[in-house]
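Chemist: A structural model of the following input is requested.
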Amino acid sequence: MSTTPAPARRILVTGASSGIGAATVRRLRAEGFAVVAAARRADRLEALAAETGAEAYPLDVTDAAAVDALVAHLGGTGGLDGVVNNAGGAFGVDRVEDADLDQWRQMYELNVLGTLRVTKGVLPLLRAAAERGGGAEGAGADVVVVTSTAAHGAYEGGAGYTAAKHGERMLSTTLRWELAGEPVRVVEIAPGAVATEEFSLVRFDGDVEKAAAVYEGYQPLVADDVADAIGYALTRPPHVNLDLMVIRPRAQVHNSKIARTGV
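Modeler: Residues are numbered from 1 along each chain as shown. Got it, this is the predicted structure:
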């Protein structure tokens, strides 16, 4: 008697055009997941899709209508088993007294409301997938939120970003409490210093020297390190939830304390 293999679990990854997001798409595809890679830059997404076999979906998580269209697309093309909320970013390193309110607003819109908008939109799809998989005893569904160690501590010049990431952390923590008893896991991945091609460059408004200095004198994490943690969380047995994984370079013991030994 022949049996039809179960379809691959389908995961949405936001912020997928570069850095941690792109690395996560590659990792999850290697694990056998079907992946929808979403980000604003369609050209990069198409290249990533051609490389990995992921589905490219151009998306701005700050655009409510665009997120609604994505949810409708996912619902009409097989549903969704998990989401990796990775879209986010930091802008500026101003002291509180010099804060740029537009940058603060942009960080909150992207990191907090973007994650909220996407999670709220796909949650009915995740519940439906969990039910199809057998409910509480089946495969379940997943919400992964990539925050930062900035969500767990303060540092000078970082109030806008730490405020946004603390908000994102409370969003995911509260969601986990609210979903208690449902077969939907909520996982927070909080990376420390990660050397990607754009994060610090964007934060320092394109200043290449300042961006490079962030990672001098020690071995920072790379995007693949964080993607590895995300892949691990998504492949645990259904009854296992990794509430929080903090992942830092060995040299970094606090947001503002790094042993720059030249290694």
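Chemist: how about the helices in the stretch 101-250 of the chain?
Modeler: 101-107, 114-132, 159-178, 199-203, 208-213, 223-234 (DSSP state H, counting those that start in this stretch).
Chemist: From Y232, how far off is the residue nearest to G192 when sequence neighbours are not counted?
Modeler: Using CB to CB, 6 or more residues apart in numbering and skipping the chain neighbours, the partner closest in space to G192 is R248 (3.3 Å). To be clear about C-beta, it is placed using only N, CA and C from the backbone, and glycine gets the same treatment. Separation of R248 from Y232 (CB to CB, to the nearest Å): 16 Å.
Chemist: in stretch 254-263, what counts as buried?
Modeler: Buried residues in stretch 254-263, defined by neighbour count with 16 or more other CB atoms under 10 Å: N255, I258.
Chemist: Between the two ends of it, what distance do you get?
Modeler: In terms of CA to CA, to the nearest Å, the two terminal residues of stretch 254-263 are separated by 18 Å.
Chemist: Check the offset of it from the chain's centre.
Modeler: Taking CA atoms, centre = their mean, to the nearest Å, one finds stretch 254-263 lying 25 Å from the centre of the chain it belongs to.
Chemist: circling back to that earlier point, with mean neighbour count added, can I get the helices of the stretch 101-250 of the chain in TSV?
Modeler: TSV is the format used below for those (neighbours: other CB atoms under 10 Å):
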stretch	mean neighbour count
helix 101-107	15
helix 114-132	20
helix 159-178	19
helix 199-203	19
helix 208-213	12
helix 223-234	21
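Chemist: and V71, which of those is closest to it?
Modeler: Among the helices of the stretch 101-250 of the chain, helix 114-132 comes nearest to V71, with 4.2 Å by CB to CB.
Chemist: CA atoms of the closest one as CSV?
Modeler: C-alpha atoms of helix 114-132 as CSV (Å, rounded to 0.1, in the frame of the first residue of the first chain):
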residue,chain,number,x,y,z
GLY,A,114,5.5,45.3,11.8
THR,A,115,5.9,42.2,13.9
LEU,A,116,2.4,42.7,15.4
ARG,A,117,0.8,43.3,12.0
VAL,A,118,2.3,40.1,10.4
THR,A,119,1.7,37.9,13.5
LYS,A,120,-1.9,39.1,13.9
GLY,A,121,-2.5,38.5,10.2
VAL,A,122,-1.1,35.0,10.0
LEU,A,123,-2.3,33.6,13.4
PRO,A,124,-5.6,32.2,12.0
LEU,A,125,-3.6,30.4,9.3
LEU,A,126,-1.2,29.0,12.0
ARG,A,127,-4.2,27.8,14.1
ALA,A,128,-5.7,26.1,11.1
ALA,A,129,-2.4,24.4,10.2
ALA,A,130,-2.1,23.2,13.8
GLU,A,131,-5.6,21.7,13.7
ARG,A,132,-4.8,19.9,10.4
